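1. Show me how the following folds:
(one chain, ligands or ions: 2)
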Amino acid sequence: MGTLVMKFGGTSVGSVEALTSAVDIVMQYKDEWQRLVVVVSAMAGVTNALIEAARSAERGDAERYKQIHTELLERHGDVIETLVKSAEVRQSLLAQVEEMLEGFANARVVAALLRERSAESEAVDATQLIVTDDRFQDAVPKREVTCKLVRKHLEPLLKKGLIPVVTGFIAATEDGATTPLGRGGSDYTAAILGDCLDADEVWTWTDVDGVMSADPRLVAGARVIPKLSYNEVSELAYFGARVLHPKTIRPIVERGIPLWVKNTFNPEVPGTLVVADPKNGNGNIKAVTAIENLSMITVQGMGMLGVPGIAARTFAAVARQGVSVLMISQASSEQSICFIIPMEAVAQVMAAVEDELAVELARRDVDKVWSMDDVVIVSAVGAGLRSTPGIAARIFGALGRAQINVVAIAQGSSECSLSFLVGAGDAAQAVQSIHEEVIVNG
Ligand code: ADP
Ligand code: MG
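-> Ligands and ions are numbered 1, 2, ... in the order given. From the prediction side, this is the model:
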């Protein structure tokens, strides 16, 4: 067989048991593939402290490692809390720093464990391979220069029959500044390497049996989806199934490289295959997802119809806060604009919108800007939505029977999802009822 890129997620390298399974898996498959590259959620040392922590971890000095880890987290946390104004950016930065620190020693550990089992292996720092622009929050890889570096550094190792173990999640700018690849960044690393190395397959190992019909922590009867199209998985990921991040699969989608999602803790089950056009791709809803901790902001006023540009200015004001709008929806009347944002940004966004519309508010063209907090977007995803009549009716029927009040219905941009908003208290029941109606009884 040809070239395989395997990625182990945070949960797959987070404990002794997990690391052991991960290494077992690499050992099991290494002889079946001519070229094998492993990606683990990790970060190499960018400061002396990080390097020291990595060394103490390698020495097995877990106490010192933990201590440094905590110190670093606190130090970054202090700076971020003090300096970053946007709550959303703060939250996302803290999560990224945490993710970087959590994993930074793992590539070395995995490579060392493989060598102990006589599999030639070398840890490779992804900052040497993946070049991005300098948008720290949302760094975008530069494909051409990245692929050159990937081939330059990895092909000689692969030719010698070595297994490169690459740190996931991080990259660097052309000037050498470290950039995180954002949420789900290690998946992205694997997809980029798959693209650059012209891989035959990319496998991501996680802690569930594959992409499932609902978050298994929410729906006991969730099932593994054996096959999905790229479109469906993007939609699923966008609407909250954090098992894969939408952006991360783009490099392999463009090349049509098959992607498997598999379980590190249950490697015998095949998992989910994601391909361009699965033969079973029609007819059904594949999954139900939820995104929590959101707010709906409504801009409302009888005079709005006569004033051009209010929507554009509202969304421009939101965009200036660096907050992304998850969904735009039409409420009951035409004299309002509703949109959904992460709840942590609500105060900031409300203030920005009120500021932008100050004149209209004073003139009473806009009556008020108000928010409904703690709402959840629930989505049904599947290519079949397009072609199956009556699905929407069944979904809303199920919600009605469960006495769930639908706050708003939102039209996604694609044709393979149907989304709506419910209160946080109804979210689990909504997901379960819809799952029962269109998947279990589907
Ligand atoms: P990793 O560290 O391997 O990248 P993640 O935590 O990013 O793992 O993603 C796996 C988790 O995604 C699972 O543990 C599961 O709880 C959650 N999840 C949410 N929705 C789904 C879904 N539809 N299918 C599978 N997993 C899901
Ligand atoms: Mg992940």
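2. Skip the chain neighbours and tell me the closest residue to the residue of the stretch 51-200 of the chain found nearest ligand 2.
-> Using C-beta to the ion, Gly184 is the residue of the stretch 51-200 of the chain that sits closest to ligand 2, at 4.7 Å. (C-beta placed from N, C-alpha, C; glycine too.) Of all residues not flanking Gly184 in the chain, His245 sits nearest, at 2.7 Å (C-beta to C-beta, 6 or more residues apart in numbering).
3. Could you double-check that the one you found lies in contact with Asp187?
-> Yes: counting by C-beta atoms under 8 Å, His245 touches Asp187, with 5.8 Å between them.
4. For these two, work out which one has more neighbours and name it.
-> Higher neighbour count among His245 and Asp187: Asp187, with 30 against 20, using other C-beta atoms under 10 Å.
5. excluding its backbone neighbours, what's nearest that one?
-> Among residues not flanking Asp187 along the chain, Thr248 sits closest, at 3.8 Å (C-beta to C-beta, 6+ apart).
6. Kindly report the same for Val376.
-> In space, and not counting its chain neighbours, Val376 is closest to Ala427: 3.9 Å by C-beta to C-beta, 6+ apart.
7. Just the residues contacting the host helix or strand of the one you found, thanks.
-> Here Ala427, judged by DSSP states H and E, is contained in helix 424-434. Residues from elsewhere that reach helix 424-434 (C-beta atoms under 8 Å, 6 or more residues apart in numbering): 214-215, 218-219, 288-290, 292-293, 374-376, 378, 380, 395, 398-399, 401-402, 404-405, 422.
8. how about it: buried residues?
-> For helix 424-434, the neighbour count (16 or more other C-beta atoms under 10 Å) marks Asp426, Ala427, Ala428, Ala430, Val431, Gln432, Ser433, Ile434 as buried.
9. and if you look at stretch 169-188?
-> Buried residues in stretch 169-188 (16+ other C-beta under 10 Å): 169-173, 178-188.
10. Which ones among the contacts of helix 424-434 lie within strands?
-> Counted as lying in strands by DSSP state E, out of those, are Val288, Thr289, Ala290, Glu292, Asn293, Asp374, Val375, Val376, Val378, Ala380, Val422.
11. wait, which of those is closest to Arg143?
-> Closest approach to Arg143 among the ones in strands among the contacts of helix 424-434 (C-beta to C-beta): Thr289, at 29.6 Å.
12. Run through the stretch 1-150 of the chain and note the low-pLDDT ranges.
-> Within the stretch 1-150 of the chain, the segments meeting pLDDT under 70 span 14, 42-62, 65-66, 76, 79-80, 83-84, 92-93, 95-105, 136-138.
13. Near ligand 1, which residues of the stretch 1-150 of the chain are found?
-> Those residues of the stretch 1-150 of the chain that sit near ligand 1, judged by C-beta under 6 Å from any ligand atom, are Gly9, Gly10, Thr11, Ser12.
14. filter the residues you listed down to the ones near ligand 2?
-> Contacts with ligand 2 within these, counted by C-beta under 5 Å from the ion: Gly9.
15. Just the buried ones from the residues of the stretch 1-150 of the chain next to ligand 1?
-> Buried by 16+ other C-beta under 10 Å: Gly9, Gly10, Ser12, out of these.
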